[in-house]
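[1] coords please:
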Amino acid sequence: MNQDIEKILISEEEIDKITTDLAKQIDKDYANSDKRLLLVCILKGSIMFMSELMKKITLPIEIDCMKVSSYGAGTTSSGSIHIILDLIRPDLPACDILVVEDIIDSGSTLKYLTEYLLLKGAHSVKTITMLDKPDRRKVDYTPNYVGRVIPDEFVVGFGLDYAEKYRALPYVGILKREVYEK
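    Prediction:
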């Protein structure tokens, strides 16, 4: 799989520093909250990021998952949001939700989820992303926490995939064009 990577964009060491810094900021921001901190992992891509992040947050946390898709079979967003696995919890008013996402490009999914979870009764909803591609934004949306702003390249690794491959790479790399333009 490494032969399909044009270049490593974010190394394992950089990922460790990013997740450490983000966890410290989350600890600081939620230290005085009287609500429960609930991390909601957006499956499947965010698993590795959330796993690293939650190990470094020192506050008590709860975790849950949602599966949401805005992509079809290709490499671009379809534009419509589909909730495949919903968050069903009666205790949302007692929760500060932090939606954990691997990458934001158009912003449509997280904008929708933020509004959706607030309508479901969450006390608060903030978002955190490992990677942000603001050049691809189609809606007015800014995540609350960003690990790294990246250029408009097709990236894989550290949970990110192409056709369900490359997720287990321990770094984020730029995928060679010839791999996905076949």
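
[2] count of neighbours near the nearest residue to Asp91 once chain neighbours are set aside?
    If the residues on either side of it in the chain are set aside, Asp91 comes closest to Arg36, at 7.6 Å by Cβ to Cβ, 6 or more residues apart in numbering. (Each C-beta comes from the backbone N, C-alpha and C, glycine too.) Applying other Cβ atoms under 10 Å, we find 16 other residues in the vicinity of Arg36.

[3] let me see the contact set for Arg36.
    When the contact criterion is Cβ atoms under 8 Å, 6 or more residues apart in numbering, the partners of Arg36 are Pro60, Glu62, Asp91, Ala94, Cys95, Asp96.

[4] let me see the ranges of the strands in the chain.
    Shown for the chain, the strands assigned by DSSP state E span residues 5-10, 36-43, 61-71, 77-85, 95-104, 124-132, 145-149, 155-156, 172-175.

[5] how about JSON lines for these, with mean pLDDT and distance to Ser51 added?
    Written out in JSON lines, the entries for the strands of the chain read as follows (pLDDT from 0 to 100; distance: least, Cβ to Cβ, whole Å):
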{"stretch": "strand 5-10", "mean pLDDT": "97", "distance to Ser51": "16"}
{"stretch": "strand 36-43", "mean pLDDT": "97", "distance to Ser51": "9"}
{"stretch": "strand 61-71", "mean pLDDT": "90", "distance to Ser51": "10"}
{"stretch": "strand 77-85", "mean pLDDT": "79", "distance to Ser51": "18"}
{"stretch": "strand 95-104", "mean pLDDT": "97", "distance to Ser51": "10"}
{"stretch": "strand 124-132", "mean pLDDT": "98", "distance to Ser51": "11"}
{"stretch": "strand 145-149", "mean pLDDT": "98", "distance to Ser51": "14"}
{"stretch": "strand 155-156", "mean pLDDT": "97", "distance to Ser51": "17"}
{"stretch": "strand 172-175", "mean pLDDT": "97", "distance to Ser51": "15"}
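
[6] adding distance to Ile26, write these out as TSV.
    TSV is the format used below for these (distance: least, Cβ to Cβ, whole Å):
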stretch	distance to Ile26
strand 5-10	19
strand 36-43	8
strand 61-71	9
strand 77-85	24
strand 95-104	7
strand 124-132	7
strand 145-149	7
strand 155-156	23
strand 172-175	21
